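> just need the structure, nothing else, for what follows:
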Amino acid sequence: MLNELRMKIEKNTVVSLRYKLTDAQNNIIEEQDSPMVYLHGGYEGTFPKIESLLDGQDLGYEASIQLEPSEAFGEYDPELLKIEPRARFPEPLEVGMQFEGVPDAEEEGDSGEVDDEPLIYTVTDVADSQVVLDGNHPLAGMALRFWVQVEDIRAATDEEIENRHPEGGEAFAFGMPSDESDDGDDDFTDHISGAGASSPTLH
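Prediction:
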């Protein structure tokens, strides 16, 4: 009888997922103690291929799936490497720190390309006068394997649907970019997202 009341994953349901993320050689990249919670139905809370896999499934469903770079964090783009004067950054400055910034279109006055999406740049090298920054996601260019298990399903509230994410869950979603854009200038903000991250973080 309880089975008849069981909710299935469909558009506008909030899904709690246990997951384990490994690379193509099965080396563990991330395994959280707490579940990832996302709003199902094309709200960019998780990868489309994972949403398709979970669509119509119910509580307890588990599966493993491999995502190619184009289905996950994209191919590695060498053009997202930047070298900046160290004087532009706060001290102390360490490899692994992250800054939000807008990729600049060099001084070519090319207003045709309006790529004003802020990127998170990770400090990958620090020299006396220069800093090397990488705007690629730490897992760009990698094929990834996910093991997922559905721990909970519930109907989303009107507010969650309007906000396009579960309450309190906006920053926890397999490293998908959050849609909070600063009205940024072409400079790095002083906002440090994280420091000294020895392993890639997905959210």
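> domain map for this structure?
Using automatic domain parsing, the domains assigned to the chain come out as 2-74+140-166, 78-134.
> out of the ones you listed, deepest packed?
domain 2-74+140-166 (a mean of 16; mean count of other CB atoms under 10 Å). Where C-beta positions appear, they are placed from N, C-alpha and C, glycine not excepted.
> backbone dihedrals for residue 149, please?
Backbone geometry at residue 149, expressed as degrees, to the nearest 10, gives phi -140, psi 130.
> surely it and residue 19 touch.
Yes: using CB atoms under 8 Å, residue 149 is in contact with residue 19, at 7.5 Å.
> wait, residue 40 sits on residue 8?
No: using CB under 8 Å as the test, residue 40 is too far from residue 8 to be in contact (10.2 Å).
> now do the shared contacts for those two.
By CB atoms under 8 Å, 6 or more residues apart in numbering, residue 40 and residue 8 have no common neighbours.
> against which helices or strands is the strand or helix carrying residue 146 packed?
Secondary structure from DSSP states H and E places residue 146 in strand 144-155. Helices and strands touching strand 144-155, by 3 or more CB pairs under 8 Å, 6 or more residues apart in numbering; DSSP states H and E, are strand 13-23, helix 48-54, strand 62-67.
> so where's the protein shaky on pLDDT?
Within the chain, the stretches with pLDDT under 70 are 1-5, 102-117, 169-203.
> one more time with 80
The chain contains residues with pLDDT under 80 at 1-6, 101-118, 168-203.
> can you pull out the helices in it?
Secondary structure of the chain by DSSP state H: the helices cover 2-5, 48-54, 158-163.
> can you list those helices in TSV and add distance to residue 91?
Listed next are the helices of the chain as TSV, based on distance: least, CB to CB, whole Å:
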stretch	distance to residue 91
helix 2-5	58
helix 48-54	40
helix 158-163	37
